[in-house]
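A.B. asks: Can you look at this prediction? I've put the sequence above it.
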Amino acid sequence: MVRGMEREQAVLAATAELLVERGYQALTIDAVAARAGASKATIYRRWPNKAQLVRATLDAADAARNASVPDTGELRSDLFAVMDAIAADVADPLTRVTAELATLMRHDTQLAEAIREHLAKEELSPFHDALQRAIVRGDIAAGTDVELIHDVAEAMILRQVHLDLPVDAAFSARLIDDVLLVLLGGARG
């Protein structure tokens, strides 16, 4: 049996794997416990239900993606680095499961609450760190509504994904140069 942080990581990894393999509806705490080498009691002590376990799994995946995005020292290139990470993330099978979750949350109040909690975590936005660094550097104003920038970018990215269109370099350039930097007032960098 694994312990502490290692156990938590094993549980979250098992949850991600099983979500991809089976989908949310077929995901069980029994299966997660077996795959992670943890007891059901341990899982329930940390996460009160399956939906909260899935939220934690999505939080961890987003945090890992964000940690992989480099600080280039310049807003525009930071935004391109974010889009590169998002493009890789779009191809990730766990990301594809989120479409199922969006549909299921309409009929599952626990899942709806968990997904809303996940989406409300502004610091998990892929654009959060890049925009905060730009504020610190003076590239954009301190009062910039970074949540709005994220919402616009996310809407455009989700449109691409739902229409099965590529999140590629051409799309990234349009999004960054023609939309985000314009919304940011022609920000320097």
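C.D. replies: Yep, that arrived.

A.B. asks: buried stuff in the helix or strand of the chain with the lowest mean pLDDT?
C.D. replies: Lowest mean confidence among the helices and strands of the chain (mean pLDDT, DSSP states H and E): helix 93-104, at a mean of 88. Residues of helix 93-104 classed as buried: 95, 97-98, 101, 104 (neighbour count, 16 or more other CB atoms under 10 Å). C-beta: built from backbone N, CA, C; applies to glycine.

A.B. asks: try stretch 12-20
C.D. replies: Under the neighbour-count criterion of 16+ other CB under 10 Å, stretch 12-20 has 12-19 buried.

A.B. asks: cool, stretch 66-77 as well?
C.D. replies: Result for stretch 66-77 [16+ other CB under 10 Å]: buried residues 66, 69, 74-76.

A.B. asks: Just those: which are in helices?
C.D. replies: With helices taken from DSSP state H, the overlap with the buried residues of stretch 66-77 comprises 66, 75-76.

A.B. asks: And this structure, what are its domain boundaries?
C.D. replies: 1-46, 50-183 (automatic domain parsing).

A.B. asks: Which residue ranges of the protein form helices?
C.D. replies: With DSSP H as the definition, the chain shows helices at residue ranges 4-22, 29-36, 40-46, 50-67, 75-91, 93-104, 109-120, 128-137, 146-162, 169-173, 181-183.

A.B. asks: Check those helices for me: which has the lowest mean pLDDT.
C.D. replies: Within the helices of the chain, the stretch with the lowest mean pLDDT is helix 93-104, showing a mean of 88.

A.B. asks: For it, give me every contacting residue.
C.D. replies: By CB atoms under 8 Å, 6 or more residues apart in numbering, the list of residues contacting helix 93-104 from outside reads 16, 19-20, 23-25, 54, 57-58, 61, 89, 111, 115, 161-162.
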